[in-house]
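Colleague: Below are the sequence and a predicted model; questions follow.
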Amino acid sequence: MTDRRVRGLLPTARAAVAPRTDRYDAFLSYSRDSDGEFAPAFHAQLLDFDRRDDVPHLNIFLDRTGLANNPSLWDSIERKLEHSDYLILFASEGAASSHFVAKEVAWWLDHRGPETLLVALTSGRIVWDQKANEIDAISTTALPAPLVERIDHEPKWTDLTRLRQRRRFWRHHPDRATALAELVAPLRGPDVSTEEILSAHIARQSSAGLWSRLTIAALVVLLIAAGTAFGYALWEANRANEAVNANAAHLLGATSHVVHQDDPATAQLLAVEAVRRLRDGQTRTALFNAVTANEPADPYLLRTVDVPEETELADIAPTGSGVVGRTDTGDLVRWNPDEGAPEVLRGDRTPFGTVAGPGRAGSVVAGSADGTVVAAVDDLGVTVGRFGQLPEGGTSRQTHLDLPGATAVAVTPEGDTLLVAWHDDVTGRNRIGSIGLAGRDLALLESDDGAERPPEQRLAFRSKVDTDLAVTSLAVGSSRTVAVADAAAGTLEIRSLDSLDLARPEPVDLPEGAVPSPSLTDWATLGAEPDSTTVTVHHWADGSVRTADCPVPRAWTNPEIVAIDDATTRALVATDDGLVACEISGGAAVHRTWHLSGIRHTGPPVLVGIDRVAAASDGRIALWSTAGTHGDVPLPGAAGAATVPRESGPPSPGPTAVLATYRDESTQEASTAVSWSDGTVTIHGLGTVDLPADSKDVGRPLLPVWLDRDRLLLITPDGNAYRTDGGTAAGHEPGFRDLVGPGLGQDGSACATIVSAQRTRDDVLLVDACSGLHLLDAGLEERAVHAPGPLGDTPRLGSEWAEPGRVAVADDGSQVAVAPRDFSLRVADLGAAARGETGVWTVRGSSVVQVHMIGARSSAEDTSLPDQLVTLGLDSTVRLRTVDGPDEPKGLDLAGTYGDVMAVLPGPDLVARNQGPALAFFDIGTGQKVGELATRLYSPGGDVAPGAVHAADGQLLVVQDHGVTTGWTFSDDQMIARACAMAGRAPTADDMPEGVTLGDTPACST
């Protein structure tokens, strides 16, 4: 039961345990000037928060008299400190300047140390200098001097600032329970987590909600009987039901946190159920963490599962929907990701050995299409296992067939025939045999009769033939044929499945060093050049060949091809650092690439079905998804040249990128273009854009704008343009300079440089170096509307490659925000500009480093949220303000704790900030941190820069040293779908924590 730990935290019928009177769980230190009213109120909430019958009530000391009023109390205070297990410091500007708070903190550091000091920030700032790895003493305004001087690591604190700002209403703030749980958990012991305390609290509230419902129901009956206030009773009943639903949602989310480490699949199911019932900060945080908790955070990694009984997979092979494998200890494994955990058949013999023969790395394994029949071969023979239902009269699940010199094995898709190849050392002959499995007990496949007879004569072969090939691979074809291959000799035979006679008289020559598809109908080779890797597919039936680029990140070493699928739509390249899956379909010009990581020491990888990749590693199986049209935008060879490591010193930085995405409203298919600062432009799935050979703009950075799904416009800094039409060939766009020329000026003005190009819903917006606006229709037929910049003719903007984030445009194209260097933030009304009006600019704030815009939207609490701006200030503070109106901006999180704003995702309403090797995500509505995501997946030693992260059409695109990763999706609906896929099963009533009932239609029902 996944709610076992939660149930252990629920109230029981035992008598309440009184608090200890001789010691204190904590001493609460605060400034009476700053928190004289808030601290006693919060102290009362701490004492009341975790009242369970089977644990002592908390005993927390709070000095209500105050040393400032009576300094002679110090001896008494010191005794209280001596008898306390923890010190809770209410950090504030008042506490930072308080002599007596400093004295209490200094005593604690001298006698206890920082490990038992808990910090709760009520006002002011705590700033950690990431580069110097120390507290920023100048910017920090909330900590007393002894703590600033002696702290040697980045502190973790509980944020109470939003609670304290709410004054009378702080007890109803959504962050209240989490903040209390963060402070209570350490007081309950080192093994108690915040999630456990929060889960117990929510569970008790859910129990109280039951009594509330009963009370309301009784009230409704009385009111109906009295015939008065019936509407009010229904309203109260609805409120009670909503409260119960919220409690259930929060309990599901908290339980998801508790069980995630031990049972990630159940955690994902619970998080989805929580969000389905209520979408708020707590449930969305649970969903975010359930989806992104893979480490490192590979966007394509669905999940990893442990092979039971601590076995380690040595080989795996694909089935129709999963994998089969054999372990180092002689066991057989079957895993269908859509049916649950892997199954293991224990072996009854010594571990598997090797397979003899040149070019062979080890044993091989094969299985039926559903994985119920599995066979593994080594040079001593074949081990056969049967999962699922046994045939009538069957008693054995696994058997070993003695056959020295065995070299290859195969199983028919139906699981009714076993095929084995072996080399007979006595006669020197190579042989192939088939054994019928249908309806037979495995124990009958080998007889003990006549131990002196050769092993092959003791086996129940249905057919047996000689071959000239030293067989390395066997595969069953779709037309009752068997493909027999000798990879070392480069030869392939086709034989009848029934008789094993040759079905094709002449053998087929195979490419040297090629890797076969599972059915042996195709073979693939890999060509590696200094700047690229290329997969070539050889089809043996007609001798046809086709190739596809398969870009491998420069930081990944030793690429080799390891698999292709039978449809020859994907190839798999393994490196020392990860896998590269490449789409190589023959009929289309579109090719996709997926760079797969997420587990270290990757073992034998295989392609599963049409959209999955699996690999065995260290006793685990990892499963990736290559579904849909996602994939990575590969880094072109020319653009990648700058990332080659130097002989001495750190690697040179690669080129920066500007991205443009267009999503077709009817098909929802997205087109993505990446323009690199060295002038290279890549279109996702198509390749590198070619400008005319005689163009003077070759090598210049070009701003990309999609006119529609097939037409990409590339704009030069001086206002010229090139256009593609469904491919990668770009022709010069004559007349474009005439459309924008009047606004840019013809006299060499310093403003006459295009630094930003954005696509609005209906138009194309260009911004010049002086913040001037140039608005064109997407059909490129009308002269641009020009709105001069508000700051004259002095350049205040750099190109998007150099200064990303200084221009933001509303989704509907109605407004644009510009953040010029050293001047106040401005917003322009594009509708007014289109009408020819002159007063289109409005000052909307002070000077900022970045600006992002969120279009008008609705939420559960407010159905009319206006257009809003998210800004990053010079002081690293992130603020939220409406585009129109006199309201003051509000801060979203602590200043200085995180770096640049990397992206704003309007759909899920998240802000992504730089956190060194990770991105930290914050809910825009509450400022609550909902999770983080690793971003050094492909860039070892390199930091993510503001221009390296882009939000587009519900996706997060991250520029890395292999190109652009496009697989992260963050809308709630997309994360729900991903969580269900990662869980791989539907929830059951046993998954639910006590007090929560599974609905009739679970969110992840299959």
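Modeller: On my side now, so go ahead. Numbering: from 1, shown residues only.
Colleague: residues in contact with L419?
Modeller: By C-beta atoms under 8 Å, 6 or more residues apart in numbering, L419 lies in contact with V409, A410, V411, T412, I432, G433, S434, I435, L474, V476, V482. For glycine as for every other residue, the C-beta is placed from the backbone atoms N, C-alpha and C.
Colleague: So what are the sheet partners of the strand or helix carrying the last one and their directions?
Modeller: Under DSSP states H and E, the secondary-structure element containing V482 is strand 481-486. Its sheet considered, strand 481-486 pairs with strand 473-476 (antiparallel), strand 491-496 (antiparallel) by DSSP bridges.
Colleague: mind checking how far the first one is from the chain centre?
Modeller: Taking the mean C-alpha point of strand 473-476 and that of its whole chain, the gap between them comes to 37 Å (C-alpha atoms, centre = their mean, to the nearest Å).
Colleague: count of residues packed around G189?
Modeller: Counted with other C-beta atoms under 10 Å, residues neighbouring G189 total 8.
Colleague: Assign it to helix, strand or coil.
Modeller: Here G189 takes the coil state, with states given by DSSP: H, G, I helix; E, B strand; the rest coil.
Colleague: and it, what is it in contact with?
Modeller: Residues near G189 by C-beta under 8 Å, 6+ apart: none.
Colleague: So that it lines up with my notes, have the first residue be 29 from now on.
Modeller: Taking 29 as the first residue, the last one we looked at is G217.
Colleague: that older thread, okay, the strands paired with strand 509-514, which one's buried deepest?
Modeller: Among those, strand 501-504 has the highest mean neighbour count (mean count of other C-beta atoms under 10 Å), at a mean of 22.
Colleague: which residues touch it?
Modeller: Contacts of strand 501-504 (C-beta under 8 Å, 6+ apart): 392, 394, 436-441, 445, 447-449, 460, 510-513, 515, 525, 544, 546-548.
Colleague: What of stretch 704-716?
Modeller: Contacts of stretch 704-716 (C-beta under 8 Å, 6+ apart): 577, 617-620, 657, 659, 661-664, 666-667, 670, 683-685, 699-703, 717, 725-730, 732, 740, 742, 752, 755-756, 758, 829, 991, 994.
Colleague: Mind doing that once more with 7 Å?
Modeller: With contact meaning C-beta atoms under 7 Å, 6 or more residues apart in numbering, stretch 704-716 is reached by 617-620, 661, 664, 666-667, 670, 683-685, 699-703, 717, 726-730, 732, 740, 742, 755-756, 829.
Colleague: same question, stretch 459-468
Modeller: Counting by C-beta under 7 Å, 6+ apart, 401, 419, 443-450, 452, 473, 487-495, 499, 512, 528 sit against stretch 459-468.
Colleague: All the strands of the stretch 79-228 of the chain, residue numbers only.
Modeller: 88-90, 112-119, 145-149, 156-157, 162-163, 185-187 (DSSP state E, counting those that start in this stretch).
Colleague: Can you tell me which helix or strand of this structure has the lowest average pLDDT?
Modeller: When each helix and strand of the chain is scored by mean pLDDT, DSSP states H and E, helix 32-35 comes last, with a mean of 32.
Colleague: What is the subsequent helix or strand relative to that one?
Modeller: As assigned by DSSP H and E, the chain's next helix or strand after helix 32-35 is strand 52-57.
Colleague: my read: S703 touches W734, true?
Modeller: No: using C-beta atoms under 7 Å, S703 is not in contact with W734, being 11.9 Å away.
Colleague: the more surrounded of those two?
Modeller: Taking neighbours as other C-beta under 10 Å, S703 and W734 compare with S703 leading, 28 against 22.
Colleague: In three-state terms, how would that one be classified?
Modeller: Under three-state DSSP, S703 comes out as strand.
Colleague: which residues does it contact?
Modeller: By C-beta under 7 Å, 6+ apart, the neighbours of S703 are A685, V686, V709, P729, L730, L731, P732.
Colleague: Just list whatever residues bridge to it.
Modeller: In this structure, S703 bridges to V686, V709 when assessed by DSSP bridges.
Colleague: What about A758, how many residues nearby?
Modeller: A758 has 23 neighbouring residues, counting by other C-beta under 10 Å.
Colleague: nearest to S842, of the strands paired with strand 509-514?
Modeller: For these, proximity to S842 was assessed by C-beta to C-beta; strand 501-504 is nearest, at 60.7 Å.
Colleague: send the alpha carbons of that closest one over as CSV?
Modeller: Output in CSV follows, covering the C-alpha atoms of strand 501-504 (Å, rounded to 0.1, in the frame of the first residue of the first chain):
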residue,chain,number,x,y,z
SER,A,501,22.4,-14.1,-36.2
LEU,A,502,19.1,-15.8,-36.8
ALA,A,503,15.8,-14.1,-37.7
VAL,A,504,12.3,-15.3,-38.6
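Colleague: For the strand holding V510, give the mean pLDDT please.
Modeller: Averaging pLDDT along strand 509-514 gives 91.
Colleague: list the buried ones in that strand?
Modeller: For strand 509-514, burial by neighbour count (16 or more other C-beta atoms under 10 Å) applies to T509, V510, A511, V512, A513, D514.
Colleague: now do stretch 71-89
Modeller: Residues 71, 73-75, 77-78, 80, 83, 85-89 are the ones in stretch 71-89 that count as buried (16+ other C-beta under 10 Å).
Colleague: Same check on stretch 420-435?
Modeller: R425, Q426, T427, H428, L429, L431, P432, G433, A434, T435.
Colleague: cool, and stretch 404-421?
Modeller: Buried positions in stretch 404-421, judged by neighbour count with 16+ other C-beta under 10 Å: A404, V405, D406, D407, L408, G409, V410, T411, V412, G413, R414, F415.
Colleague: got a markdown table for those residues, with distance to V361 too?
Modeller: Output for these, formatted as a markdown table (distance: C-beta to C-beta, whole Å):
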| residue | distance to V361 |
| --- | --- |
| A404 | 10 |
| V405 | 15 |
| D406 | 16 |
| D407 | 21 |
| L408 | 20 |
| G409 | 19 |
| V410 | 16 |
| T411 | 12 |
| V412 | 14 |
| G413 | 9 |
| R414 | 13 |
| F415 | 9 |
